[in-house]
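A.B. asks: Quick one: sequence and predicted model below, then my questions.
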Amino acid sequence: MGEKDYMEWFKKRLEYIKENKPLVHHITNFVVMNETANVTLCVGALPVMAHAREEVEEMVSLASALVINIGTLYPEMVESMLLAGKEANRRRIPVILDPVGAGATKYRTETAMNILHQVNVAVVRGNAGEVSTLAGYQAEVRGVESITHGEDMDRVSLELAARLGCVTAITGPVDYVSDGERVVTVHNGDALLGKVTGTGCMATTVIACFCASGEPYLEATAAGLSYFGVAGELAAEKAGPHPGSFHVQLYDALHSLDLDTLSSRARINLETI
Amino acid sequence: MGEKDYMEWFKKRLEYIKENKPLVHHITNFVVMNETANVTLCVGALPVMAHAREEVEEMVSLASALVINIGTLYPEMVESMLLAGKEANRRRIPVILDPVGAGATKYRTETAMNILHQVNVAVVRGNAGEVSTLAGYQAEVRGVESITHGEDMDRVSLELAARLGCVTAITGPVDYVSDGERVVTVHNGDALLGKVTGTGCMATTVIACFCASGEPYLEATAAGLSYFGVAGELAAEKAGPHPGSFHVQLYDALHSLDLDTLSSRARINLETI
Amino acid sequence: MGEKDYMEWFKKRLEYIKENKPLVHHITNFVVMNETANVTLCVGALPVMAHAREEVEEMVSLASALVINIGTLYPEMVESMLLAGKEANRRRIPVILDPVGAGATKYRTETAMNILHQVNVAVVRGNAGEVSTLAGYQAEVRGVESITHGEDMDRVSLELAARLGCVTAITGPVDYVSDGERVVTVHNGDALLGKVTGTGCMATTVIACFCASGEPYLEATAAGLSYFGVAGELAAEKAGPHPGSFHVQLYDALHSLDLDTLSSRARINLETI
């Protein structure tokens, strides 16, 4: 897909979301439940937050995408993540995994790996440390993090995606999205996103909204990250350096972002490697 | 009660809340805990969020109303809802039930019905699908939803309230409140309320604040819905079509809404049937 | 430390936080998880919210301070609080306890006392009722609350701190901070802080950010309360009497509060007794 075709596809996906309002089931952390539900609504999809073992399989069967986010994990919630993830797989509903804090504790690392092992995940989104931990580089997290600032990040992201066997988004000042064969980079966003908690989780939610409109997930993931990043830029322009106001403006921008603004501001490099 | 008497009563109830700051105990979902606590404060009451089996009976005994909201239910929380609800009944504290998602999964439907069976609920607030599910129309949810757009909604709401045996508020563009004998309609609100997560839960909280001031609950429920709807209208006027800003303005409006504005904007039809 | 030396020390601590970004581990209530994470970021530190028994000891070992807040306690979370608190003690990481609602239910009172018994707490922050309950004055809560408006509050706070055996902050219109030997009072803040849920929890978080920069905790606690109070004053000046806007402005003020503004507005009385 060339750049022009991609932007057309991107716009059609956004229109699809606004018209069809796909349901995005989240099993996510308690810190961002409200925020990611609002992000889902702002993009045009519908959120549902449900994590009881008693209902997650039935709930995910109504959804068009499933977010699994381990930010405040505990055993019962992890059990529900596995049940919902497997049911999503049976129904070919894409699963988007956010391995929050993988590498920080053994419990997070092992849980994220276990999910990746038992569930066919469509997309993983995390920072360089989290993703490299998942790919088995626990001992080298700091080393890999330093790599992320070097010039080899294209190659690293490709290798990590190949190891994980799914679309992998490593987010930071530049986002690297790879399926193990290609690497797409996204150059949108603003430093203020680092001043509000849960913006990584929000990015994952926007990716899920785009994946809810169907394959290919590499392109959908890049679209979600660019959409979120442009909204961050617009919010920063309005809110100045103030994180509270920025947080409010971020929802406004996610909601009002139109196709023309998106076309002119999306900075997606489809042919990095 | 005529329309003029009702507005006088409405104002007195609001003054009562501001002066007495009744405690509203919430056992509610994790998505809206912060938001509904803030709504409670804005209206002038005091919130407490507590859901441990170990304390809910003692906590509810200090409260003037109990909100039971099943938005992110799980077995331990449901157990606490039943314990608190029964204790509230023993102490004649009104219980307001928000059956979030009833009809979407069996677990939600059965839990909401079980609460309604075991606890003497004063008010149920939900959308047409949730309320009709509770009344035993699971198989016809879509059908009933279509009815909601028809002209028979008055009669439907009356029948549903009669079946549930308590004050029943079916909210949407128009809110239908019935005790099975009368139907009161509320014509306040704004479409932006659909762009922020948890506004239904917030409406339930405002109803609870008014019920905390005492009976009759039919009138208190209509008062709460009108108060919330007018605040939504004022917020929309300030925030334009922007959901993040609207969300902020909604708290401001809930807090500053004065008796004169309320008198001139409340659109409550007391004699629908 | 004289007043001038103290302000120098205060500024250095703030610079230390901004430069070193200490990790503040929270085991806190579900109502304020998002809000206190954002407060931590605004002050310049890094938040992590984690409460699974499986990981809290490992997580706290990465942190520079631990917040234990019992606002929505339940048995598994309490177990994690004790595990994390003991590990923090082994590693000499300061533990800041917020006994939300102690005195309201037996479960809260006993849990807070149990934590205080089993964990070496560096700082307790609560209102007069909560702190006096912890000190064993359950039967006299209302009486002690009335004392808080009298002139003997200096002496009361000294006695309570001596009983609790740690730095004790009793917050209200004036904050009383004592280690049992000295009393420091802080005269910052705004009445609007009472109109937003969780501002007490936020104050505890700011105290933890300052304690994360090291001892002495009496001075660090006063610094945190003054920092938070000045931010509240600045936010109130911008937001007028509107709690929704005030809440947003509070984050902005916590983020942008500079050393000069702090110097001119901090009202800390170091030599109350």
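C.D. replies: Alright, I've got the coordinates.
A.B. asks: for the residue lying closest to residue A:21 once chain neighbours are set aside, what are its contacts?
C.D. replies: Nearest non-adjacent residue to residue A:21, counting by CB to CB, 6 or more residues apart in numbering or on different chains: residue A:46, 5.1 Å away. Every residue, glycine included, has its C-beta placed from N, CA and C. By CB atoms under 8 Å, 6 or more residues apart in numbering or on different chains, residue A:46 lies in contact with A:21, A:22, A:23, A:24, A:40.
A.B. asks: For residue A:46, grab phi and psi.
C.D. replies: Note on residue A:46: its backbone torsions stand at phi -120, psi 130 [degrees, to the nearest 10].
A.B. asks: Keeping just the C-alphas, turn stretch A:60-70 into PDB.
C.D. replies: Extracted C-alpha coordinates of stretch A:60-70, given in PDB (Å, rounded to 0.1, in the frame of the first residue of the first chain):
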ATOM      1  CA  VAL A  60     -16.300 -10.600  24.400                       C
ATOM      2  CA  SER A  61     -18.500 -12.500  22.000                       C
ATOM      3  CA  LEU A  62     -20.500  -9.300  21.500                       C
ATOM      4  CA  ALA A  63     -17.400  -7.300  20.900                       C
ATOM      5  CA  SER A  64     -15.300  -6.400  17.800                       C
ATOM      6  CA  ALA A  65     -12.000  -6.200  19.700                       C
ATOM      7  CA  LEU A  66     -10.600  -7.100  23.100                       C
ATOM      8  CA  VAL A  67      -8.100  -5.100  25.100                       C
ATOM      9  CA  ILE A  68      -6.000  -7.000  27.700                       C
ATOM     10  CA  ASN A  69      -4.100  -4.600  29.900                       C
ATOM     11  CA  ILE A  70      -2.200  -5.900  32.900                       C
END
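A.B. asks: And it, how far out from the chain middle?
C.D. replies: 12 Å (CA atoms, centre = their mean, to the nearest Å).
A.B. asks: what about the strands in the stretch 151-273 of chain A?
C.D. replies: A:167-170, A:175-178, A:183-186, A:268-269 (DSSP state E, counting those that start in this stretch).
A.B. asks: got a list of contacts for the helix or strand containing residue A:81?
C.D. replies: Using DSSP states H and E, residue A:81 sits within helix A:75-90. Helix A:75-90 is contacted from outside by A:25, A:27, A:51-53, A:56-57, A:59-61, A:63, A:66, A:68, A:70, A:94-95, A:111, A:114-115, A:118-121, B:74, C:52, C:54, using CB under 8 Å, 6+ apart.
A.B. asks: With chain C as the reference, name the closest of the strands of the stretch 151-273 of chain A.
C.D. replies: strand A:167-170 (19.8 Å; CB to the nearest CB).
A.B. asks: partners of the closest one in the sheet?
C.D. replies: Partners of strand A:167-170 in the sheet, by DSSP bridges, are strand A:123-126 (parallel), strand A:175-178 (antiparallel).
A.B. asks: Report the buried residues of that strand.
C.D. replies: A:167, A:168, A:169, A:170 (16 or more other CB atoms under 10 Å in any protein chain shown).
A.B. asks: Then stretch A:84-98?
C.D. replies: Buried, per 16+ other CB under 10 Å, within stretch A:84-98: A:84, A:85, A:86, A:87, A:88, A:89, A:93, A:94, A:95, A:96, A:97, A:98.
A.B. asks: re earlier: now, which of the contacts of helix A:75-90 lie within strands?
C.D. replies: Counting by DSSP state E, those place A:25, A:27, A:66, A:68, A:95 in strands.
A.B. asks: of all those residues, which comes closest to chain C?
C.D. replies: Nearest member of the ones in strands among the contacts of helix A:75-90 to chain C, counting by CB to the nearest CB, is residue A:27, at 14.8 Å.
A.B. asks: so who does the closest one touch?
C.D. replies: A:49, A:50, A:51, A:56, A:66, A:67, A:68, A:69, A:77, A:80, A:81, A:84.
A.B. asks: what about it, distance to residue A:72?
C.D. replies: 11 Å (CB to CB, to the nearest Å).
A.B. asks: picking that back up, show me which of the contacts of helix A:75-90 are buried.
C.D. replies: For the contacts of helix A:75-90, buried by 16+ other CB under 10 Å: A:25, A:27, A:51-53, A:56-57, A:59-60, A:63, A:66, A:68, A:70, A:94-95, A:111, A:115, A:119, A:121, B:74, C:52, C:54.
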